[in-house]
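S.K.: Sharing a sequence plus its predicted fold:
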Amino acid sequence: MTPTLPVPVARQIAKLVSRYIVHVSIPWERQRSRMDRAFSAVKLPKSIAMTSEDIASVRVEVIRPIDGRNNGAVLHVHGGGFTVGSPSNIRIWAAALSDRLGVTVYLPDYALAPEHPYPAGLDQVTAVIDQVMNEVGAASFALSGDSAGANLALSATLRRVNAHKTLPACLLLVSPWLDLTNDRLDDPKLIKRDPMLSPEWLAASATAYAPGDLENPEVSPLLGSLDGLPPVLVQGASDDILVPDANEFVAALEGKSPVTYNVGVGLWHDFVMQVGMLAAADEALVNTAEFLIEHCEFSRA
């Protein structure tokens with residue numbers, strides 16, 4: 001897949017997303033519809049099939065190679081501040097990963113706040129993880145998420161840790177948002193560098209998701225115990241307003257769980273999802289695939 005956009009152009013697109021989609025002055029429903037329209041023209045490779053299934057009473061997009069390979073499973077939880085977004089946001093990334101590894105990628109379309117505040121989305125994600133992992137086996141199952149989806153993926157994993165259940169073989173967190181109590185105003189230089197997210201939008205999303213409950217460790221996992229996690233790959237970006245969360249999470253795992261941390265210098269929130277548009281995103285996909293192969297019992301067929 002050949003990158004088509006220079007970094008400065010891609011950064012300008014991120015700024016447009018901030019201005020016209022994820023902006024605190026725009027009603028949630030309009031943010032959602034604009035985001036859906038932005039990704040509606042995305043076409044998957046001809047080597048990939050997409051279906052929609054009902055898993056644990058949740059609509060889930062399922063992406064798999066058409067050649068019949070079924071080497072394992074990745075369940076990815078999309079981002080969007082718990083308030084916007086859908087599986088369409090990350091189809092291209094999911095398709096590229098599925099094509100590369102021959103795995104099936106599950107994308108749950110979980111309930112969004114403020115209509116469905118915590119714990120609705122987390123409960124749905126947890127239920128889908130339970131069913132898929134039971135079907136494919138933990139050793140061949142990886143769990144991932146980006147942004148708020150990384151929060152949900154981590155919180156769902158910690159639920160399994162606390163319940164003494166079998167864990168996913170590994171965990172992938174992309175641009176994770178892990179502390180909703182942070183108002184993000186402490187670093188004006190980072191705020192200025194970030195082309196996509198604003199402190200105001202994050203604060204509104206946090207309040208919509210868990211009003212009055214932001215210190216709950218299931219809402220802000222950085223405030224709770226991180227013991228007992230499987231191997232983790234964290235992919236961050238130096239110009240992401242949420243990069244302090246990634247830094248703190250990686251530091252907290254020292255001596256507890258194996259963790260690999262990759263940071264895109266001069267890049268922004270969720271750049272990893274822009275496979276085929278940015279060389280750095282394509283490189284991140286290679287790193288993701290290598291990590292998954294190392295830690296999951298994926299078939300090499």
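M.R.: Sure thing, it's come through.
S.K.: how about stretch 112-123: buried residues?
M.R.: 112-113, 116-123 (16 or more other Cβ atoms under 10 Å). (Each C-beta comes from the backbone N, C-alpha and C, glycine too.)
S.K.: Can you give me the pLDDT of the most centrally placed residue in the chain?
M.R.: Nearest to the mean C-alpha position of the chain, counting by Cα atoms, centre = their mean, stands Asp146 at 1.6 Å. For Asp146, the pLDDT comes out at 98.
S.K.: same deal with the one 10 residues further on?
M.R.: We note a pLDDT of 98 for Ala156 in this prediction.
S.K.: isn't it right up against Thr126?
M.R.: Yes - counting by Cβ atoms under 8 Å, Thr126 is a contact partner of Ala156 at 4.6 Å.
S.K.: hang on, the earlier thing: the nearest residue to the residue nearest to the centre of the chain once chain neighbours are set aside pairs with what?
M.R.: What sits nearest to Asp146 in space, not counting adjacent residues and going by Cβ to Cβ, 6 or more residues apart in numbering, is Val174, at 3.9 Å. Counting by DSSP bridges, Val174 is bridged to Asp146, Gln235.
S.K.: Distance check, Val174 against Gly85.
M.R.: Applying Cβ to Cβ, to the nearest Å, the value for Val174 to Gly85 is 13 Å.
S.K.: Quick check: neighbours shared by those two?
M.R.: Counting by Cβ atoms under 8 Å, 6 or more residues apart in numbering, the residues touching both Val174 and Gly85 are Gly79.
S.K.: higher neighbour count, these two?
M.R.: Using other Cβ atoms under 10 Å as the criterion, Val174 and Gly85 rank with Val174 on top: 29 against 26.
S.K.: List the contacts of that one.
M.R.: Contact analysis of Val174 by Cβ under 8 Å, 6+ apart lists 79, 144-147, 150, 234-235, 270, 272-273.
S.K.: Dump these into TSV; add distance to Met133 as well.
M.R.: As requested, the contacts of Val174 are arranged in TSV below (distance: Cβ to Cβ, whole Å):
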residue	distance to Met133
Gly79	21
Ser144	13
Gly145	15
Asp146	20
Ser147	22
Ala150	18
Val234	21
Gln235	22
Asp270	25
Val272	23
Met273	23
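S.K.: So which of these is the closest to Lys189?
M.R.: Lys189 has its nearest neighbour among the contacts of Val174 in Asp270, at 20.3 Å by Cβ to Cβ.
S.K.: Backbone dihedrals for that closest one, both of them.
M.R.: Main-chain torsions, Asp270, degrees, to the nearest 10: phi 60, psi 20.
S.K.: is it true that it touches Gly149?
M.R.: No - counting by Cβ under 8 Å, Asp270 does not reach Gly149; the two are 9.8 Å apart.
S.K.: When the two are compared, which one has more neighbours?
M.R.: A direct count of neighbours by other Cβ under 10 Å for Asp270 and Gly149 places Gly149 higher, at 31 against 28.
S.K.: how close does the more buried one get to Gly85?
M.R.: Using Cβ to Cβ, we find Gly149 at a distance of 8 Å from Gly85.
S.K.: Which neighbours do these two have in common?
M.R.: Both Gly149 and Gly85 are contacted by 78-79, under the criterion Cβ under 8 Å, 6+ apart.
S.K.: Tell me how far Asp123 lies from Val84.
M.R.: Shown here: Asp123 relative to Val84, a distance of 19 Å by Cβ to Cβ.
S.K.: Now Thr4: closest residue in space that isn't a chain neighbour?
M.R.: Spatial nearest neighbour of Thr4, excluding adjacent residues (Cβ to Cβ, 6+ apart): Met277 at 5.9 Å.
S.K.: May I ask you to confirm that that neighbour belongs to a strand?
M.R.: No - counting by DSSP: H, G, I helix; E, B strand; the rest coil, one finds Met277 to be coil, located in no strand.
S.K.: Backbone dihedrals for it, please?
M.R.: Dihedral pair for Met277: phi -110, psi -30, per degrees, to the nearest 10.
S.K.: coming back round to it: who touches both of Asp270 and Gly149?
M.R.: Common neighbours of Asp270 and Gly149, using Cβ under 8 Å, 6+ apart, are Gly79.
S.K.: burial measure for Lys189, as a count.
M.R.: Using other Cβ under 10 Å, the number of residues around Lys189 comes to 7.
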